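[1] Give me coordinates for this.
(one chain, ligands or ions: 2)
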Amino acid sequence: MKAVILVGGEGTRLRPLTCNTTKAMVPVLNKPFLEHLLGYLKGHGVTDIILAMSYLPHHIQGHFGDGTKMGVRLSYRIEEEPLGTAGAVKNAEDLLDEPFFVLNGDILADIDLTAMMRHHRQAKAKVSIALTPVEDPTIYGVVETDAQGMVVRFVEKPKREEVTTNMINAGIYIVEPEVLDYIPPAKPTMFERYVFPLLLEKDEAILGYPSESYWIDIGTPEKYLRLNHDLLLGKAPSLFKATGGVQTGDGSQINPSANIKASVLIGEECVIGPGVEIKGPAILGPKCEVDEGATIEGAVLWDNVRVGKKVILRNCIAASHSEIHEESEVPDNCVLGDKVVVGKNNKLAQGTRIRPDKRIAPGSISF
Ligand code: GDD
Ligand code: MG
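    Numbering: from 1, shown residues only. Ligands and ions are numbered 1, 2, ... in the order given. Modelled structure (predicted):
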C-alpha cells in the first residue's frame, strides 16, 4: 500500500526545537520523529511512501535516502512554494493510482490502519478520515458524522460555539485517486478548508473512522515532551515496546553510585557521574555528560548535552550541545535550543524558552 506524508510545515510552534531542524527530524526516543511514523506505516503493510516536502528537504533526504535501511520505498516530492495539504498530494498524482493513505507529518498514532482500509472499502467511500477524541477541538478540524458514520460536516479550527463534537480529524486519510480531480494543480489548496467541504457539497461519500487508540500531534514542546514520556511508559505498545526499565546505549559509563529509576533511555557514549539521580520517564541522547550530584527527572536531552554538578532538570527539554552549568535549575516545560549555555547558579522560571546559541551569564536569573 501507498502513503503520502505531509512534511511541509516549518514547525514554528515547536521553536526553539525547530530553529535548526524540521519537525520531522526532532529526536523522539533518540530517533527522528519521522522514523517512528515510517515504522507505524510499515507495521500496517504500507511500504511505498512519498514524502511531500517544502522545508529543509535535504536534511530528511540525507538521513532516510531511498528508505532501504527502514525496509520501505521512499520517494520525495519537493514543492518550490508550499502547496498546502491537498496541493502537496496533487503534486504526487503521477505516483498515485490506487487508494492511498495521507498522513500529517506531525502526528503519531496507534490507530489501526488495516481495519481503517477495510472499513473504507466496505463503505465505498471516496475519502475516509480517522477521528480521535480531544479535550479542546478548537485548535483542530472538527468532524461531524451521522448514525452510519458518514461525515456530514467538517469545520477547521471552529470557534468554541461551533464545536458540536470532540471528535477531530486525526490527520490520517484514505483517499481514492479520482478525488485528485477536485484539486487544482500547482495552486495552494487545503484538504481541510477546500477539498473536504467541496466533496460534501458534491455528495461524495466521506467515512469517519473513529478510534480510541493512542494519538498525539507534536505541535508544541509540551506535547513533544508528552510523546516521549508516553512511548517510554508503553502507552502506544505497537509503536514502541517499552521495557519499563533502564536501557543504556553502547559505550556509556554509569558511576555505580548513580541512582537511575525506570523508565529511562540512555543513548550511546554517555557519562553519568557519582551520586547522579535520574528518574524516569527520562531520555538522554548520545554523548551526554552528567556531573556529580545532578538530578534529572522527566527531562528529554538531545545529543551532547552537558549537565553540571548539582544541576536540577525537571520535565524540560535540552537540545543538542546545550550546557547547564553547576547548581543551575531548569524546571517544568523549559526548552533550551541547540548550544544554549546556562551559566552556573541560575534558576529559570517554568516554561522558559531559550533560542539556540544564547548564553546566560552565571547567577543572572533567579526565581
Ligand atoms: N508538503 C506540505 N506542503 N505539507 C504541508 C503544507 C504544505 O504546503 N502545509 C502543511 N503541511 C503539513 C504540515 O507539516 C503538517 O504535517 C500537516 O501538513 C498539517 O499541517 P499543520 O500546519 O500541522 O496543521 P494543523 O496542525 O493546524 O491542523 C491539521 O492537523 C490537525 C491534527 O493534528 C488539520 O489537518 C486539522 O484538521 C487536524 O485536526
Ligand atoms: Mg499540526
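[2] Would you tell me which residues of the stretch 101-250 of the chain are close to ligand 2?
    Asp106, Asp217, Gly219 (Cβ under 5 Å from the ion). The way it works is simple: take the backbone N, C-alpha and C, and place the C-beta from them, glycine included.
[3] Which parts of the stretch 1-150 of the chain are helices?
    In the stretch 1-150 of the chain, the helices defined using DSSP state H, counting those that start in this stretch lie at 33-43, 57-64, 84-90, 113-123.
[4] So which bits of the last one are buried?
    Residues of helix 113-123 classed as buried under the neighbour-count rule (16 or more other Cβ atoms under 10 Å) are Leu113, Met116, Met117, His119, His120, Ala123.
[5] Residues contacting that helix, please?
    1, 40-41, 44-46, 99, 101, 128, 130, 149-150, 172, 174, 205, 207, 209, 211 (Cβ atoms under 8 Å, 6 or more residues apart in numbering).
[6] So Pro16 sits against Ile317, correct?
    No: Pro16 is beyond contact range of Ile317, at 9.4 Å (criterion: Cβ atoms under 8 Å).
[7] which residues are common contacts for the two?
    Val335, Leu336.
[8] When the two are compared, which one has more neighbours?
    With neighbours defined as other Cβ atoms under 10 Å, Pro16 and Ile317 compare such that Ile317 has more, 26 against 20.
[9] so that one bridges to which residues?
    Listed by DSSP bridges, the beta-bridge partners for Ile317 are Val300, Val335.
[10] Equivalent analysis for Ile360, please.
    Beta-bridge partners, per DSSP bridges, of Ile360: Val342.
[11] Can you report how many residues lie near it?
    Applying other Cβ under 10 Å, I find that Ile360 has 20 neighbouring residues.
[12] Can you name the residue of the stretch 201-350 of the chain nearest to ligand 1?
    Asp217 (3.7 Å; Cβ to the nearest ligand atom).
[13] give me the low-pLDDT residue ranges for the stretch 201-350 of the chain?
    Within the stretch 201-350 of the chain, not a single segment meets pLDDT under 70.
[14] all helices for it, in order.
    221-232.
[15] Quick check: residues of it near ligand 1?
    For the stretch 201-350 of the chain, the residues in contact with ligand 1 (Cβ under 6 Å from any ligand atom) are Asp217, Gly219.
[16] Identify the residues contacting the strand ranked longest in the chain?
    Identified as the longest strand of the chain according to DSSP state E is strand 167-175. Identification of contacts with strand 167-175 by Cβ under 8 Å, 6+ apart yields 89, 99-104, 106-107, 109, 111, 113, 116-117, 120, 125-134, 137, 140-143, 145, 154, 191-192, 208, 210-211, 215, 217.
[17] Going through the residues you listed, which ones are buried?
    Counted by 16+ other Cβ under 10 Å, the contacts of strand 167-175 give 89, 99-104, 106-107, 109, 111, 113, 116-117, 120, 125-132, 134, 137, 140-143, 145, 154, 191-192, 208, 210-211, 215, 217 as buried.
[18] what's whichever residue of the chain sits closest to ligand 2 in contact with, if anything?
    Proximity of the chain to ligand 2 (Cβ to the ion) peaks at Asp106, 4.4 Å away. Shown in contact with Asp106 (Cβ under 8 Å, 6+ apart): Gly9, Gly11, Lys23, Ala24, Phe33, Gly171, Asp217, Ile218, Gly219.
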